[in-house]
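A.B. asks: turn this into a model:
(chains A and B)
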Amino acid sequence: GAVVSQHPSWVICKSGTSVKIECRSLDFQATTMFWYRQFPKQSLMLMATSNEGSKATYEQGVEKDKFLINHASLTLSTLTVTSAHPEDSSFYICSARDPNQGDTEAFFGQGTRLTVV
Amino acid sequence: AQSVSQHNHHVILSEAASLELGCNYSYGGTVNLFWYVQYPGQHLQLLLKYFSGDPLVKGIKGFEAEFIKSKFSFNLRKPSVQWSDTAEYFCAVNAQNSGNTPLVFGKGTRLSVIA
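C.D. replies: Reported below is the predicted structural model:
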């Protein structure tokens, strides 16, 4: 299957700093990528839809100025958590579909565990 | 909008026991249905999916799921679990023919298999 790679796998940062998470589709081009957030023992909650060459679409309740999404190329989307606070500590996961495989499964990155201290 | 309900939060089974994890969805139209597994420290992996056709779907590692349209259900089953099946299981749905839309996930069921 297609491969989606996230970097870093985990990061610890100080409160008030910004953190960038990368999501890459390694063997296909993705015009759309999805960013999810997963709290401990909870489900994946969609944060935003990243669209190549245009603005991301954010879900209700997600601060667009805090979670900056850039989808500058067909293989890379980045999520930047700005001015991070401890409550932003979570597991962030991206996903994408391979358009060559039609309307099928979504492939997921391995996730990034963010800890803000 | 779609929603997914997984009723079991944590299931504990002995090896060789049979497994059934419940999944119900809420949506008025036609859906695609998925089960994903997340092993400790690893990313989500697809177990199986249903788009159309035979409502009994077989996936990897001996898992299967049955789509019952009248019950809006897509329960996951395995006749005999192994210790290595210990993981978090997520049911997910999205609307068919809706373009590249995100999946909506249930809250997940943690499966612990003991020797």
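
A.B. asks: got any ranges where chain B has weak pLDDT?
C.D. replies: B:98-99 (pLDDT under 70).

A.B. asks: nearest the middle, which residue of it would you pick?
C.D. replies: residue B:35 (3.2 Å; C-alpha atoms, centre = their mean).

A.B. asks: can you name the residues bridging to that residue?
C.D. replies: Under DSSP bridges, the beta-bridge partners of residue B:35 are residue B:48, residue B:91.

A.B. asks: select the helix or strand of chain A having the lowest average pLDDT value.
C.D. replies: strand A:107-108 (a mean of 89; mean pLDDT, DSSP states H and E).

A.B. asks: what does it rub up against?
C.D. replies: By C-beta atoms under 8 Å, 6 or more residues apart in numbering or on different chains, the residues outside strand A:107-108 that reach it are A:1-4, A:25, A:93-98, B:36, B:43-45. All C-beta atoms are positioned from the backbone trio N, CA, C, and that covers glycine.

A.B. asks: quick check, nearest of the residues you listed to residue A:48?
C.D. replies: residue A:94 (10.1 Å; C-beta to C-beta).

A.B. asks: please name the nearest non-neighbouring residue to the closest one.
C.D. replies: With sequence-adjacent residues excluded and distances taken as C-beta to C-beta, 6 or more residues apart in numbering or on different chains, residue A:94 is closest to residue A:23, at 3.5 Å.

A.B. asks: quick check on the one you found: phi, psi?
C.D. replies: In terms of degrees, to the nearest 10, the main-chain angles of residue A:23 are phi -130, psi 120.

A.B. asks: can you give me the neighbour number for residue A:87?
C.D. replies: The local packing of residue A:87 (other C-beta atoms under 10 Å in any protein chain shown) involves 8 other residues.

A.B. asks: ok, it - contacts?
C.D. replies: Shown in contact with residue A:87 (C-beta under 8 Å, 6+ apart): residue A:116.

A.B. asks: residue A:13 too?
C.D. replies: Applying C-beta under 8 Å, 6+ apart to residue A:13 gives the contacts A:19, A:84, A:114-117.

A.B. asks: related to what we said a few turns ago, my read: the residue nearest to the centre of chain B touches residue B:89, true?
C.D. replies: Yes. At 6.4 Å, residue B:35 and residue B:89 qualify as touching, with contact defined as C-beta atoms under 8 Å.
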